[in-house]
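> My questions are about this predicted structure, shown below with the sequence.
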Amino acid sequence: MRRNTLWGALVGAGLVGGALWYWRRKRRISSWTLDNTLDDVVQAHAEYLRRTHHAYHQKFATLLMADREAAFGEAVVYSLLKTYFRARPEPADVPGKGGADFICHKGSAEEFVVEVTSLKPEAVAAQSNIPSAIENGGSAFKMTTGQLFSTVRGKADQLSGYPGARILAITSTHQASSFLLGTTGAEFLLTSEPMIRFPATGSGGPVTVTTNLKRSVFFGPGPSGNQIVARRQSVSAVLLIALDDLRSSVLGLLHPEPARKLNVEHFRDVPFLRLAEWPIVDGRIRTEWVISSPESKSFPHAPAIR
């Protein structure tokens, strides 16, 4: 599997560094700035809700008191949707009833929903063995594929039934989130963590890269075991968002056969990982990164995984 580490870092890093949106009455447009902290974004979001969606304001105030990480995630994702992607988001998680966090509108008719979930730094630290706060020295670590997989699996039912595309945004403020939710984290989540298969001694066969698809978020072995089938089709795409006061990053994964397809052109400059070929034939899995327009901008195919 090709890592695309350099390109992913260049393209996926830093769409917003604490993006603060506000309404310019004279120009009647939304604007955004970079010189704001995550706390600034939270305060701006709370003020917006207080002025325009009073019932949601109380819900957000309660969330801020109970789970600050979740409040960070909700506020930043809303700011991105409104200011950078111009998606015209509106709160959709009806107090007392539930649902996705935001419903977004592009053009005259097309709409999609976004559900936001946040990974607590302490939970990420426990999964990765990377401390949630900066410490001197270093030690062995591991990717958080299982944690991400469980998060998507747990939200799949909540996103079913909407008429448009359904997006799950996963955020984290953990100090290593830009890596754990970066290109490697995305690739492992799409295909499950790769394994190296060595040939039998003396056979002369090649060393190959393989995967058991155990934590592949969008597909897995079918009932017969000879076919790879789609899973969790209620999730059109996953956004992985590393939050930081200075420079937050966004990248995504596309479902190869979702119930509702997402138009990635709505998310300019965001790298999306997808399968280069679907259905998967002969167990050969090829992935590629695409940006904005899958037809015009894509990275070369990654080497096949079996």
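Received it, and whenever you're ready, just let me know what you need. Residues are numbered from 1 along each chain as shown.

> Counting residues, which strand of the protein comes out longest?
Secondary structure of the chain per DSSP state E: the longest strand is strand 110-119.

> helix or strand right after that one?
Next in sequence after strand 110-119, counting helices and strands by DSSP states H and E, comes helix 121-128.

> Just the C-alphas of that next one, formatted as PDB.
Below are the C-alpha coordinates for helix 121-128, written out as PDB (Å, rounded to 0.1, in the frame of the first residue of the first chain):
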ATOM      1  CA  PRO A 121      -7.400  12.600  24.200                       C
ATOM      2  CA  GLU A 122      -7.200  10.100  27.100                       C
ATOM      3  CA  ALA A 123      -8.900   7.400  25.100                       C
ATOM      4  CA  VAL A 124      -6.600   8.000  22.100                       C
ATOM      5  CA  ALA A 125      -3.600   7.900  24.400                       C
ATOM      6  CA  ALA A 126      -4.800   4.600  25.800                       C
ATOM      7  CA  GLN A 127      -5.200   3.100  22.300                       C
ATOM      8  CA  SER A 128      -2.000   4.600  20.800                       C
END
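
> Tell me which other helices or strands that helix touches.
On a contact count with 3 or more CB pairs under 8 Å, 6 or more residues apart in numbering; DSSP states H and E, helix 121-128 meets helix 145-155, helix 177-180. Bear in mind the C-beta positions are built from the backbone N, C-alpha and C, glycine included.

> Redo these as CSV? Include mean pLDDT, distance to residue 114 and mean neighbour count.
Output for the helices and strands packed on helix 121-128, formatted as CSV (pLDDT from 0 to 100; distance: least, CB to CB, whole Å; neighbours: other CB atoms under 10 Å):
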stretch, mean pLDDT, distance to residue 114, mean neighbour count
helix 145-155, 98, 11, 18
helix 177-180, 94, 19, 23
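
> Dump those helices into TSV; add distance to residue 220 as well.
Formatted as TSV, those follow (distance: least, CB to CB, whole Å):
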stretch	distance to residue 220
helix 145-155	11
helix 177-180	23
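
> Would you mind measuring from residue 218 to residue 73?
Remark: distance between residue 218 and residue 73 (CB to CB, to the nearest Å) = 22 Å.

> Nearest to residue 63, out of the helices and strands packed on helix 121-128?
Closest of these to residue 63 is helix 145-155, at 16.6 Å (criterion: CB to CB).

> Pull the residues that contact that closest one.
Helix 145-155 has contacts (CB atoms under 8 Å, 6 or more residues apart in numbering) with 115, 117, 119, 123-124, 127, 168, 170, 181, 185, 188-189, 192-193, 215, 217, 232, 235, 238, 240.

> thinking again about what came up before, mind checking which of the helices and strands packed on helix 121-128 is nearest residue 208?
So among these, helix 145-155 is nearest, using CB to CB, at 20.2 Å.

> Now do the buried residues in the helix or strand that that closest one is followed by.
With elements assigned by DSSP H and E, the helix or strand that comes after helix 145-155 is strand 165-172. For strand 165-172, the neighbour count (16 or more other CB atoms under 10 Å) marks 165, 166, 167, 168, 169, 170, 171, 172 as buried.
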